[in-house]
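1. Just need the structure, nothing else, for what follows:
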Amino acid sequence: MVKKKIQFNTDFLAKIKDILVKEKKRLESELENFTTKNPHAADDYNAAYPEFGDKNDDNAQEIERYTVNKPLEITLENYLRDVKKTLDRLQAGTYGICKYCKEPIEEKRLLARPTSGACVSCKKTLTNEA
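-> Presented below is the predicted three-dimensional model:
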């Protein structure tokens with residue numbers, strides 16, 4: 001299958017790239033606040049298991065903090081992955097093409113959600129919206 005290349009205004013693409021680069025840095029920074037980077041797997045972070053002490057209250061607090069941080073880690077990692085894939089599509093010149101209908105995605109949608117890979121029509125069909 002041949003991927004369509006779309007020609008967006010240079011200013012528009014620069015704006016999208018700026019948004020994505022800033023978001024990538026923000027996500028990485030947020031992940032660094034409560035995780036460590038996995039040295040054996042790129043783009044993988046591990047929520048640190050906190051150590052507050054050996055008392056029952058300390059142990060409960062450790063478990064509570066970890067159970068909050070682990071899902072947050074997964075959510076941030078997934079969004080970071082989407083941002084990086086979007087930057088790759090931008091670099092390849094295939095940014096802004098719907099992965100389902102292969103038509104251009106409206107600039108308005110891309111500004112609202114720069115990582116979007118689907119046009120509004122296809123997204124509504126996928127989510128069974130009217």
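
2. would you list every one of the strands in this structure?
-> Along the chain, the stretches classed as strands by DSSP state E are 35-37, 45-47.

3. Would you mind finding the most buried of those strands?
-> Counting by mean count of other CB atoms under 10 Å, strand 45-47 has the highest mean neighbour count of the strands of the chain, with a mean of 17. All C-beta atoms are positioned from the backbone trio N, CA, C, and that covers glycine.

4. what does that strand contact?
-> Residues outside strand 45-47 that contact it (CB atoms under 8 Å, 6 or more residues apart in numbering) are 31, 34-38, 66, 69-70, 72-73, 76-77.

5. right, and the pair among those with maximum separation?
-> 37 and 66 (17.6 Å; CB to CB).

6. ok, for residue 81, nearest residue in space, not its chain neighbours?
-> Sequence neighbours aside, residue 43 is the residue nearest to residue 81 in space, at 6.2 Å (criterion: CB to CB, 6 or more residues apart in numbering).

7. For residue 116, see how far away that neighbour is.
-> Distance check for residue 43 against residue 116: by CB to CB, to the nearest Å, it reads 20 Å.
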